[in-house]
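**Student:** Have a look at this prediction, sequence included:
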Amino acid sequence: DTIGKHVGAGANANADGGSHANDGAYMRPAPGGGAGTLECKDSRTGKSYAIPISTDGSVDAAAFKAIVAGGDGRGLVMYDPGYINTAP
């Protein structure tokens with residue numbers, strides 16, 4: 001349909017943004033994009049990290065503690081002044 005072609009969903013898109021797989025099963029779009037992995041590379045050290053993304057599209061800020069560059073071993077911390085991008 002026209003809307004699906006504009007948002008890149010192709011001819012199998014439904015009006016609600018879902019789609020039908022080739023077998024005809026309905027696939028609802030995942031909230032927040034779904035589960036996956038955020039791959040990060042620290043430019044300070046050259047090390048790469050994989051941060052899990054949950055099914056609701058969120059990441060656990062504590063996972064960034066594994067990214068350590070300094071001698072204190074503290075790791076990265078998240079800074080969100082005013083809680084602009086903090087999950088309830």
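**Tutor:** Alright, I've got the coordinates.

**Student:** pretty sure residue 41 is in contact with residue 51, am I right?
**Tutor:** No: using Cβ atoms under 8 Å, residue 41 is not in contact with residue 51, being 11.7 Å away. Heads up, the C-betas are built off the backbone N, CA and C, glycines and all.

**Student:** Three-state assignment for the closest residue to residue 32 other than its chain neighbours, please.
**Tutor:** Excluding its sequence neighbours, the residue lying closest to residue 32 (Cβ to Cβ, 6 or more residues apart in numbering) is residue 57, at 1.9 Å. Secondary structure, DSSP: H, G, I helix; E, B strand; the rest coil: residue 57 is coil.

**Student:** in the protein, which spans are strands?
**Tutor:** 19-20, 26-27, 36-41, 48-53 (DSSP state E).

**Student:** would you turn these into CSV with distance to residue 62 and mean neighbour count?
**Tutor:** Shown next, in CSV, are those (distance: least, Cβ to Cβ, whole Å; neighbours: other Cβ atoms under 10 Å):
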stretch, distance to residue 62, mean neighbour count
strand 19-20, 35, 15
strand 26-27, 32, 10
strand 36-41, 14, 12
strand 48-53, 10, 14
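
**Student:** Alright, that wraps it up for me.
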